[in-house]
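Trainee: Turn this into a model:
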Amino acid sequence: MGYWESEALRERLAQHYQEVYSVAVEPGRILLTAGASAALVACFAAMFRRGDSVAILRPGYPAYRNTLRALGLNAVEISCGPEHRYRLTAEMVARLEPAPTGLILASPANPTGAMLDRQELAAVIAVCKARGILLLSDEIYHGISYGARATSALECDSDAVVINSFSKLYRMPGWRLGWLVVPQEWTTSLSSYLINMFLTPSSVAQYAALAAFDVPDDLRHFVAIYARNRLRLAAGLESLGIRNIQLPDGAFYLYADLTHLTHDSLQFCRRAVDETGVALAPGIDFDTVDGRRFVRFSFAVSEAEIDEALRLLAAWLPGYRDR
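Mentor: I've put the predicted structure just below:
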């Protein structure tokens, strides 16, 4: 089939922004990528220069920090712990000295599920523009929220840089297909990076993505499952004595403080999977400062799996001690 980029998919994505966000996006501003990870790498490589500083949230997705380091960029971490409800504020950005070259913001976020409302996001964008900070809006968990829908940066700034993917809402992680929405002046440069580093996304995945737009009831069905699992898991963990949880606004994770159980989240998670078969993510991945006492639970599974995991942990936790 050759290397191919679907113009029909670009047009369907433009239609998606009009339908969901009431935002007009030219299809030519949409770049198809081999997953959101390829989009991140291309943005970091094209938009910044070695030695530049890019601000990220802590806790946050570990690949931001690691990819920046691999490309010779400096990650400036902004502490957004539970005392801040895991949310970035405009004031935090205004206090950064010196101002970083860029900022990457995910809303909803991994691992906390925290989400900025429209006013909060607009305020962050305004400070970034005033200080000359290039904002990258990672919107990979859009469509998975438990109340108000997530606001796209494009609703606040028509020239925003947006990263998204078919992995989460559309349940296509293995298909490796994502996209970028960028200002027109960035399309040529980013296309050059993408074609040299990744060529084009999978042709089969692009056809599948077009089909995914035609099953909205299926997408809503699974978001409803996540919503039930969110409450089911939180209630189950509370019954196990794990109570320091802020319910996520979106995504499908609970980020829990396990201070009363461990100060070594990596060891805790290793032993949990070895001794019970329950796989968890250690907080140290997401927060190298305070993450040793946190663990991320995913509820993107069936209700039966939630119940089984809770049963296994209930039998295991009373005898757990850090070694």
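Trainee: CA atoms for contacts and neighbours, from now on please.
Mentor: Fine.
Trainee: Pro216 - how many residues pack around it?
Mentor: Using other C-alpha atoms under 10 Å, Pro216 has 10 other residues around it.
Trainee: mind checking how far it is from Leu169?
Mentor: Using C-alpha to C-alpha, to the nearest Å, Pro216 is found at 10 Å from Leu169.
Trainee: How about Ile225?
Mentor: Distance from Ile225 to Leu169, by C-alpha to C-alpha: 12 Å.
Trainee: higher neighbour count, these two?
Mentor: Leu169 (19 against 15).
Trainee: Confirm for me that the more buried one is in contact with Glu139.
Mentor: No - under the criterion of C-alpha atoms under 8 Å, Leu169 is not in contact with Glu139, lying 10.7 Å apart.
Trainee: which residues are in contact with both of the two?
Mentor: Common neighbours of Leu169 and Glu139, counting by C-alpha atoms under 8 Å, 6 or more residues apart in numbering, are absent.
Trainee: check contacts around Phe286.
Mentor: Applying C-alpha under 8 Å, 6+ apart, the residues near Phe286 are Arg58, Pro59, Gly60, Tyr61, Pro62, Pro111.
Trainee: Now, of those residues, which are buried?
Mentor: Arg58, Pro59, Gly60, Tyr61, Pro62, Pro111 (16 or more other C-alpha atoms under 10 Å).
Trainee: Go through the residues you listed and flag which are in helices.
Mentor: Using DSSP state H, the subset of the buried ones among the contacts of Phe286 located in helices is Pro62.
Trainee: Mind jotting down where the strands sit in the protein?
Mentor: With strands called from DSSP state E, the chain shows them at 30-33, 53-58, 74-79, 102-106, 134-138, 161-165, 178-181, 253-257, 281-282, 294-298.
Trainee: May I have the strands that pair with the second one, each with its orientation?
Mentor: This means strand 53-58. Strands that pair with strand 53-58, judged by DSSP bridges, come out as strand 74-79 (parallel), strand 102-106 (parallel).
Trainee: Let's see stretch 259-278 as PDB, backbone CA atoms only.
Mentor: Presented in PDB, the C-alpha positions along stretch 259-278 are these (Å, rounded to 0.1, in the frame of the first residue of the first chain):
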ATOM      1  CA  THR A 259       2.100   6.600  53.500                       C
ATOM      2  CA  HIS A 260       0.600   4.400  56.100                       C
ATOM      3  CA  LEU A 261       1.800   1.300  54.200                       C
ATOM      4  CA  THR A 262       5.000   2.100  52.400                       C
ATOM      5  CA  HIS A 263       7.700   4.600  51.700                       C
ATOM      6  CA  ASP A 264       9.000   2.600  48.800                       C
ATOM      7  CA  SER A 265       6.300   2.500  46.100                       C
ATOM      8  CA  LEU A 266       8.600   0.500  43.700                       C
ATOM      9  CA  GLN A 267       9.100  -2.300  46.200                       C
ATOM     10  CA  PHE A 268       5.400  -2.200  47.100                       C
ATOM     11  CA  CYS A 269       4.300  -2.600  43.500                       C
ATOM     12  CA  ARG A 270       6.900  -5.300  42.800                       C
ATOM     13  CA  ARG A 271       5.800  -7.400  45.700                       C
ATOM     14  CA  ALA A 272       2.100  -6.800  44.900                       C
ATOM     15  CA  VAL A 273       2.400  -8.300  41.400                       C
ATOM     16  CA  ASP A 274       4.800 -11.100  42.500                       C
ATOM     17  CA  GLU A 275       2.700 -12.100  45.600                       C
ATOM     18  CA  THR A 276      -0.900 -11.400  44.400                       C
ATOM     19  CA  GLY A 277      -0.800 -10.900  40.600                       C
ATOM     20  CA  VAL A 278      -2.200  -7.400  41.000                       C
END
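Trainee: What residues of stretch 113-127 count as buried?
Mentor: Result for stretch 113-127 [16+ other C-alpha under 10 Å]: buried residues Gly113, Ala114, Met115, Leu116, Glu120, Leu121, Ala122, Ala123, Val124, Ile125, Ala126, Val127.
Trainee: now do stretch 13-27
Mentor: Leu13, Ala14, Gln15, His16, Tyr17, Tyr21, Val23, Val25, Glu26, Pro27.
Trainee: do the same with stretch 275-295
Mentor: Those would be 278-287, 290-295, for stretch 275-295 by 16+ other C-alpha under 10 Å.
Trainee: Which residue is the nearest non-sequential neighbour of Gln245?
Mentor: No Gln there; residue 245 is Ile. Closest residue to Ile245 apart from its sequence neighbours, by C-alpha to C-alpha, 6 or more residues apart in numbering: Ala256 at 5.1 Å.
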